[in-house]
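Colleague: From the sequence below, what's the structure:
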Amino acid sequence: MPESNAPRDLLDEDREERKDHALKPKSSSVEEPSRDELATAQADLERARVTLNRALASGRARSAASAPAPSTAGGASRGAGAAAPPAKAEKKADESSCTTACNAFSSLARAASAVCRITGEKDGRCGHAHAVVADAQKRISVCSCVAG
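Modeller: Reported below is the predicted structural model:
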């Protein structure tokens, strides 16, 4: 009766495979995040940093363009006296720059957290990520971002 033993033999083989699998150490890809995850987190950090820098730079450029003109010789300034208030479009553009910068800062903070989660707090890459966030936090204070 070899046919009656066939299912039992298959079950025994399956049990042995599961037992062997359970005894094997887990692969490093399960225990440690892949290099791709770290590379992605670092790329996200850099992308957010660049976006934040561009948003802050465009806001500063608009602010500098709307600054009053320097006075001419003799202390008289051109125009009708006091500088005109910024145009509505200019104000909206500044708000848009800050919105972009605040969103980029949130992305930057998430990416830094990911780098540190992957590498560990004592790793130099985590320290770099924290430094990037701290620097950005100082510069973004002009936008009054609301913590999300």
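
Colleague: count of neighbours near Glu37?
Modeller: 14 (other Cβ atoms under 10 Å). For the C-beta atoms, the positions are set from N, CA and C on the backbone; glycine is no exception.

Colleague: element containing the closest residue to it other than its chain neighbours?
Modeller: The spatially closest residue to Glu37, leaving aside those adjacent along the chain, is Ile118, at 5.9 Å (Cβ to Cβ, 6 or more residues apart in numbering). Following DSSP states H and E, one finds Ile118 within helix 88-119.

Colleague: Mind exporting the C-alpha coordinates of stretch 104-122 to PDB?
Modeller: What follows is stretch 104-122, C-alpha atoms only, in PDB (Å, rounded to 0.1, in the frame of the first residue of the first chain):
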ATOM      1  CA  ALA A 104       9.400  70.800   3.400                       C
ATOM      2  CA  PHE A 105      10.400  71.100   7.100                       C
ATOM      3  CA  SER A 106       7.900  68.500   8.100                       C
ATOM      4  CA  SER A 107       9.300  66.200   5.400                       C
ATOM      5  CA  LEU A 108      12.800  66.900   6.600                       C
ATOM      6  CA  ALA A 109      11.900  66.000  10.100                       C
ATOM      7  CA  ARG A 110      10.300  62.700   9.000                       C
ATOM      8  CA  ALA A 111      13.300  61.800   6.800                       C
ATOM      9  CA  ALA A 112      15.700  62.600   9.700                       C
ATOM     10  CA  SER A 113      13.600  60.300  12.000                       C
ATOM     11  CA  ALA A 114      13.800  57.600   9.400                       C
ATOM     12  CA  VAL A 115      17.500  57.900   9.100                       C
ATOM     13  CA  CYS A 116      17.900  57.700  12.800                       C
ATOM     14  CA  ARG A 117      15.500  54.800  13.100                       C
ATOM     15  CA  ILE A 118      17.500  52.900  10.500                       C
ATOM     16  CA  THR A 119      21.000  53.700  11.700                       C
ATOM     17  CA  GLY A 120      20.500  54.200  15.400                       C
ATOM     18  CA  GLU A 121      20.900  57.400  17.400                       C
ATOM     19  CA  LYS A 122      24.700  57.000  17.900                       C
END
